[in-house]
Every structure is written in C-alpha cells, then in structure tokens.
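>>> Sequence first, then the predicted structure, then my questions.
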Amino acid sequence: MTQTDISRAERVQVKLFASKAAADPHDLVPVFHRWIREAKVPDELLIDVTDYTHVWRGPGILLVGHGVDLYYDLGEDRPGLLFARKRAFEGDLETRLTDALKRALRACADLEEDGLEFSATEVLVRVPDRLHAPNDDDAFTAFVPVLEAAARAVYGAEAVLVIEREEAGTRQPLTARLRVEDAPAVRTLA
C-alpha cells in the first residue's frame, strides 16, 4: 500500500465524545429537524431524521444528509457526535479529514447551545473505504501522517497528539483513536 492509494479513500468518519450527554437521545430529534429547516450545516442538503436508539450501542439519532450524515452515536456505550462524510468531498484524504474534523467540531459547538457538552481531547476516526484503506498494517502506517497533519491543521502545530490503532482485521474499517493533550474547548476550535 502506498500513500497515493490511501489518499484516494473518500469516506471518513469522525466522532467526538460527549462530556455531558443528552438525558434522552430522543430530545435531539426536534433539534435535528430544526437544523434541516435552518440549513444549519453549510453546503449540505439535510434530508431527514431517523431514530435508531433501539439498536444497542448503535447509531442513536441520525440526521441524514446528501453528502454527510450526523449521528448522536451511542457506540462503545459512550455517546457522542459522529460526523460521516459519504460523498461530495473535494481534495485528498488529509483535506477530507481536516474538513471532517472542523465540521464535527462546529456541529458539536452548535449542539452545546442545546445543553450538551463535548470534549475535543479524544476523537475516533474511521476510514470506511476497504478498497483504498484496508484495515491492515500498511494502510495504518500510511494513515498516521495524514491524520497527524489534519489534526495539526485543526488543533495547531504545537498540539501534543497520540494516535493509536483500533481493532485490526478485515471486518472493521481502518480506525484510529486520536488523543490531544490539553485540547481547548470545542467552541474554541469550531
């Protein structure tokens, strides 16, 4: 696997974890409907809201868009906002990751206006593109500098970053956990 191969990966997912979660995830349904009415996500056609809270450790409440989906995700028994770019993405993988991080932070800052709180110190990052980013050692090795560059573009050149690999294997997408020491508040980064 070469850097060029992984740079062709198109889909990315970024999850920021809630430090103060919604008391009831269903409370986000009217919030996400308001986002549709107000076209809250720039350059995105938001379409519908779906409730997946019946799925254990599942996607929770989903805001469906044309190019992106936003989930109030309940995975790992740790609620958070999962930003998933699925199409209509420009640039290479570093550009896509930088954009996804910025948009996820902006969405978290908007949700904080509705009483939730998020931490920018830990970010789950997935590349669900098995063709260009298989979950193997070569792809992860090529992915680390790309993720580091994207994180530095958002958190600053001096940020202390730790990038750890999540489960390896063909059943899971290429996944990394980014930890940022002394990360500023979400609102500061958004």
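Okay, I see it.
>>> mean confidence for the helix or strand hosting Glu148?
For Glu148, the element it lies in under DSSP states H and E is helix 137-155. The average pLDDT for helix 137-155 rounds to 95.
>>> List the buried residues for that helix?
Of all the residues in helix 137-155, those buried under the rule 16 or more other CB atoms under 10 Å are 139-140, 142-143, 146-148, 150-151, 153-155. Using the backbone N, CA and C atoms, a C-beta is placed for each residue, glycine as well.
>>> Same check on stretch 43-59?
Neighbour-count burial for stretch 43-59, counted by 16+ other CB under 10 Å, picks out 44, 46, 49, 53, 59.
>>> Equivalent analysis for stretch 16-34, please.
Neighbour counts over stretch 16-34 (16+ other CB under 10 Å) mark 16-19, 21-22, 25, 28-29, 31-32 as buried.
>>> Neighbouring strands of the biggest strand by length in the chain in the sheet, and parallel or not?
Ranked by residue count under DSSP state E, the longest strand found in the chain is strand 117-127. Its sheet considered, strand 117-127 pairs with strand 12-20 (antiparallel), strand 174-180 (antiparallel) by DSSP bridges.
>>> So for it, mean pLDDT?
Here the average pLDDT along strand 117-127 is 96.
>>> Give the buried residues for that strand.
The neighbour-count check on strand 117-127 (16+ other CB under 10 Å) flags 118-127 as buried.
>>> can you dump the C-alpha coordinates of that strand into CSV?
Provided in CSV are the C-alpha atoms of strand 117-127 (Å, rounded to 0.1, in the frame of the first residue of the first chain):
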residue,chain,number,x,y,z
GLU,A,117,-21.1,19.3,26.1
PHE,A,118,-18.3,17.6,24.1
SER,A,119,-14.6,17.1,24.6
ALA,A,120,-12.0,17.7,22.0
THR,A,121,-9.4,15.6,23.7
GLU,A,122,-10.4,12.3,22.1
VAL,A,123,-11.5,11.7,18.6
LEU,A,124,-12.4,8.4,17.0
VAL,A,125,-11.5,8.4,13.2
ARG,A,126,-12.6,5.8,10.7
VAL,A,127,-11.9,5.4,7.0
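>>> okay, the angle between it and helix 137-155?
Here strand 117-127 runs at an angle of 150 degrees relative to helix 137-155 (axes from the mean of the first three to the mean of the last three CA atoms, to 10 degrees).
>>> low-scoring stretches of this structure, by residue?
Within the chain, the ranges that satisfy pLDDT under 70 run 1-4, 88, 168-170.
>>> Helices of that one, residue ranges please.
Counting by DSSP state H, one finds helices in the chain at the ranges 3-7, 28-38, 93-112, 137-155, 186-189.
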